[in-house]
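1. This is a predicted model, with the sequence first.
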Amino acid sequence: METLKFVTLVTVLVVQVQHSIQLRSTHPLHHLVETVNNYGGPYIGLLMAYPTEEAALVTSRFFVPSSNVPSIDLAGRRFNIGKIKGVDVIYVMSGEQTLNAGITVQILLDVFDIKGIVHYGTAGSANDSLFTGDVSVPLYIAFTGSWKWKELQSPDGWLAELEFGNYNLPEKGENSLAKIEYTYQQLYSNGKPMQQVFWLPVDANWFSLATQLQVNWVERLHMIFFDKIITSCYFCRSWTLFCSNVLMRHSVFLQSQKLYID
């Protein structure tokens, strides 16, 4: 039985950012947002889903809050303004699930002067070559958590399918769970029609920059560069119980304003 390990995953996507729309002039927070954008930035946006991830950042003391405007509460979220190693950063808790992450990303891009976004969270791997805490940087990333359940004996579709009956023991056959069919993600970019995609390529410049990073690692931890990595937001309860006793590490995703990923 393979052991699930938690590693750091770094995914660098296209980074091309336009000026923020900002809040309307009559909004009660307009002046504060204007102050943040005028006296700092462009910022790196840092998103995280769990309180433990925020606690890891705060206790590390890498993040230094701004003495001018340390935070802004907007749309039920607290946007914390400051610096990490001299770089302007705004970090915010998005909560779980892709919908919450998408809404939080859009608020960041619409309101603040953002040049890139880092999604910071947990990542699991069953790869025996990886150790807890390793950093993985892929050339391509795919989201495989988007699929629909098909009824038993339903006709084959044109997309990739997973038939549960193929994994019956001791022999494969029909299974009441039937099968699931993968669905492509819809990618929207400025000035381009909607695309249905599977693999998202990383930005070449940011990937090249990542290969040049020099970090003081704990013994046995490594930075590894992969051709392709897949990810999903579905978790099994059995793994959740197992993971409660495992050191939780973090994943990093860089996302641009031009990518609106479902």
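-> All right, it came through fine. Residues are numbered from 1 along each chain as shown.
2. Identify all residues paired with Thr138 through a beta bridge.
-> Check again: residue 138 is Pro, not Thr. Taking DSSP bridges as the rule, Pro138 bridges to Phe226.
3. how near is it to Glu171?
-> In this view, Pro138 and Glu171 are 37 Å apart by Cβ to Cβ, to the nearest Å. All C-beta spots, glycine's among them, are computed from the backbone N, C-alpha and C.
4. so what's the residue nearest to Pro65 when sequence neighbours are not counted up against?
-> Nearest residue to Pro65, sequence neighbours excluded (Cβ to Cβ, 6 or more residues apart in numbering): Gly82, at 4.3 Å. Gly82 is in contact with 63-66, 70, 88-91, counting by Cβ atoms under 8 Å, 6 or more residues apart in numbering.
5. Show me which of Pro138 and Glu171 is the more surrounded one.
-> Legend: neighbour count by other Cβ atoms under 10 Å for Pro138 and Glu171, higher for Pro138 (23 against 6).
6. the strands in the stretch 1-150 of the chain, which residues?
-> 5-6, 8-12, 43-48, 63-65, 71-74, 77-84, 87-93, 114-121, 124-125, 135-143, 147-150 (DSSP state E, counting those that start in this stretch).
7. Now the third one: average pLDDT?
-> So the one you mean is strand 43-48. Here strand 43-48 scores 89 as its mean pLDDT.
8. and Ile90, bridged to which residues?
-> Gly45, Ile81.
9. Tell me the confidence at it?
-> pLDDT, read off for Ile90, is 95.
10. again, but for Asn80
-> 96.
11. and what of Ile72?
-> 92.
12. what's across from it in the sheet?
-> Here Ile72, judged by DSSP bridges, has bridge partners Phe79.
13. Next one: it from Asp128, what distance?
-> From Ile72 to Asp128 the distance is 45 Å (Cβ to Cβ).
14. now do Gln212
-> 28 Å.
15. between the two, who's got more neighbours?
-> Neighbour totals were compared for Gln212 and Asp128, and Asp128 leads with 9 against 6 (other Cβ under 10 Å).
16. what about Gln186, which helix or strand?
-> For Gln186, the enclosing helix or strand under DSSP states H and E is strand 185-188.
17. Pairing partners for that strand, with directions?
-> strand 195-197 (antiparallel), strand 260-261 (antiparallel).
18. Of those, which shows the lowest average pLDDT?
-> Across the strands paired with strand 185-188, the lowest-scoring stretch is strand 260-261, with a mean of 32.
19. Could you verify my assumption that Trp149 touches Thr183?
-> No: under the criterion of Cβ atoms under 8 Å, Trp149 is not in contact with Thr183, lying 11.3 Å apart.
20. more neighbours, those two?
-> Thr183 (14 against 10).
21. wait, doesn't that one sit right on Trp147?
-> Yes: counting by Cβ under 8 Å, Trp147 is a contact partner of Thr183 at 5.8 Å.
22. Could you give me the PyMOL selection string for whichever of the contacts of Gly82 are buried?
-> Paste this into PyMOL to select the buried members of these, with burial taken from 16 or more other Cβ atoms under 10 Å:
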select buried, resi 63+66+88+89+90+91
